[in-house]
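S.K.: next input, structure requested:
(one chain, ligands or ions: 1)
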Amino acid sequence: MKKAALFLSLLVVIAFISYQLVADDITVYSSIDISDINPSNTKNTAYPQGTADVDNSDSYSEPVTTATSTPAHTPTPTSAPEPSSTSVPVTPSPSPTSGLDSEPVSSPSPSPEDAVAAEPPANNISREEALNVIPLEYQQLNYFYPDNAARYVGYKNMNPDFDYEKVIVYVNIGLDLPFYTNINTITETNRIDVLVNKYNKLPDNFVPQLEQLPDLLCAPGMGNQYLRKEAKEAFEKMHYDAKTLGLNITAYGTYRSIELQHNIWNSKVQSGRTIADVDSLNSRGGHSEHHTGLAVDVIRNNYTVEDSAEFKWYKDNAHHYGFIIRYPNGKENITGYAYEPWHLRYLGPELATEVYNSGLTFEEYYAKMIVK
Ligand SMILES: [Zn+2]
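M.R.: Residues are numbered from 1 along each chain as shown. Below is the predicted model of the structure:
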């Protein structure tokens with residue numbers, strides 16, 4: 001009896017994972033070299049306390065030493081469709097045909113051995129020396145952090161063409177260090193403006209409060225879709241407003257659990273692609289915006305979406321509903337991701353409009369305008 005129940009729940013979990021494996025951010029991918037993505041590829045920038053979390057050679061599984069240390073901030077979901085719970089969306093595996101890498105991976109395994117190991121940056125200038133070097137006008141910026149002074153100077157030395165404002169913003173983002181190093185585990189996980197990227201990860205046990213989208217709003221064959229309440233309601237409003245213009249904006253991919261994200265990343269790497277290539281479009285576990293319940297891939301996750309009338313409309317209207325195109329074209333060096341015209345992130349109408357009007361990536365906007 002018990003065995004049968006156990007077997008059944010196992011089947012349910014496997015079915016869920018199988019169908020979700022295709023709900024990834026990529027059916028078309030480019031071979032972007034991640035080494036071009038980080039503007040500095042810095043190996044020796046001065047960084048005051050950068051010795052702890054800088055080995056990312058196994059970061060697909062345990063990227064951060066603090067990753068499990070913040071359970072107190074995790075909400076207790078009552079209706080979240082986490083695969084391991086009994087409220088799993090048990091849609092039959094729709095086996096869509098569009099996914100490139102739809103074969104499930106049985107075990108999240110091998111460590112990316114060729115991942116670049118971050119070296120502890122050389123601390124070649126003191127904070128005080130750095131403060132003497134940086135022009136005072138920049139030290140008055142409200143996003144200037146004296147504790148980062150040595151890093152600012154180190155990054156400026158490596159990028160003499162950047163003005164100090166850009167240097168300060170980029171260092172605040174973390175760009176003076178390689179992606180997936182110096183990782184911060186997010187504590188205020190439920191903030192609508194939460195920044196999740198290659199330097200900021202959600203706790204391993206984080207599950208947002210989710211609501212299911214009506215089937216009519218979902219892309220065919222992609223199974224049930226879930227978003228946080230705020231994002232779901234905004235998406236519905238956008239969908240129906242667009243519908244009056246003859247447009248059909250559907251949800252192709254929404255919430256993803258950390259386990260699923262781990263599995264997707266591993267399956268991409270196991271399919272023979274380089275880690276740099278996989279990292280350009282797929283997040284490592286805990287680093288995906290889809291984990292927040294605030295991100296939605298719309299219509300289909302390949303570049304043909306740009307040819308749609310829907311795209312031409314939502315690229316300049318989504319912010320009114322609270323969504324931004326999170327990974328803009330030409331900003332890969334900042335966001336860490338290739339251009340994804342299909343990936344929308346909910347920020348709320350006010351903030352989304354500000355970000356849209358600023359022309360900045362969310363990383364830049366966050367580093368300048370959203371105080372830590
Ligand atoms: Zn996405």
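S.K.: neighbours of the closest residue to the ion within the stretch 51-200 of the chain, how many?
M.R.: Using C-beta to the ion, residue 196 is the residue of the stretch 51-200 of the chain that sits closest to the ion, at 11.5 Å. For the C-beta atoms, the positions are set from N, CA and C on the backbone; glycine is no exception. For residue 196, the count of nearby residues is 23 (other C-beta atoms under 10 Å).
S.K.: contacting residues for the residue nearest to it when sequence neighbours are not counted?
M.R.: Of all residues not flanking residue 196 in the chain, residue 289 sits nearest, at 5.1 Å (C-beta to C-beta, 6 or more residues apart in numbering). Residue 289 makes contact with 196, 197, 283, 295, 326, 343, 345 under the criterion C-beta atoms under 8 Å, 6 or more residues apart in numbering.
S.K.: recalculate using a threshold of 10 Å.
M.R.: Counting by C-beta atoms under 10 Å, 6 or more residues apart in numbering, residue 289 makes contact with 25, 194-197, 202, 256, 283, 295-296, 326-327, 337, 343-346, 362.
S.K.: residues contacting the residue of the stretch 51-200 of the chain closest to the ion?
M.R.: Counting by C-beta under 10 Å, 6+ apart, residue 196 touches 186, 189, 202, 283, 286-292, 294-295, 326, 345, 362.
S.K.: by neighbours, which of the residues you listed wins?
M.R.: For these, neighbours tallied by other C-beta under 10 Å; top is residue 294, 30 neighbours.
S.K.: that one contacts residue 346, correct?
M.R.: Yes: contact status for residue 294 versus residue 346: in contact at 4.4 Å, counting by C-beta atoms under 10 Å.
S.K.: touching both of the two, which residues are there?
M.R.: 192, 193, 227, 228, 230, 231, 232, 234, 322, 323, 326.
S.K.: what is the nearest of those residues to the ion?
M.R.: Taking the shared contacts of residue 294 and residue 346 together and measuring to the ion by C-beta to the ion, the closest member is residue 326, at 7.7 Å.
S.K.: quick check: closest non-adjacent residue to the closest one.
M.R.: residue 345 (4.0 Å).
S.K.: quick check: bridge partners of the residue of the chain found nearest the ion?
M.R.: For the chain, the residue closest to the ion is residue 343, as judged by C-beta to the ion, at 3.6 Å. Judged by DSSP bridges, the bridge partners of residue 343 are residue 297.
S.K.: count of neighbours near it?
M.R.: Neighbours around residue 343, by other C-beta under 10 Å: 24.
S.K.: what do you get for residue 223?
M.R.: Neighbours of residue 223 using other C-beta under 10 Å come to 22.
S.K.: wait, it sits on residue 253?
M.R.: Yes: counting by C-beta under 10 Å, residue 223 touches residue 253, with 9.5 Å between them.
S.K.: OK, contacts around residue 240?
M.R.: Taking C-beta under 10 Å, 6+ apart as the test, what residue 240 contacts is 216, 217, 249.
S.K.: with respect to residue 317, which of those residues is nearest?
M.R.: When the contacts of residue 240 are compared for distance to residue 317 (C-beta to C-beta), residue 249 wins out at 10.0 Å.
S.K.: show the pLDDT at the closest one.
M.R.: With respect to pLDDT, residue 249 scores 98.
S.K.: how about residue 370?
M.R.: 86.
S.K.: what is the neighbour count of it?
M.R.: Burial of residue 370, expressed as a neighbour count using other C-beta under 10 Å, amounts to 14.
S.K.: may I have the phi/psi pair for the residue nearest to it when sequence neighbours are not counted?
M.R.: For residue 370, ignoring the flanking residues on the chain, the nearest one in space by C-beta to C-beta, 6+ apart is residue 193 at 5.9 Å. Phi and psi for residue 193, reported as degrees, to the nearest 10, are phi -100, psi 20.
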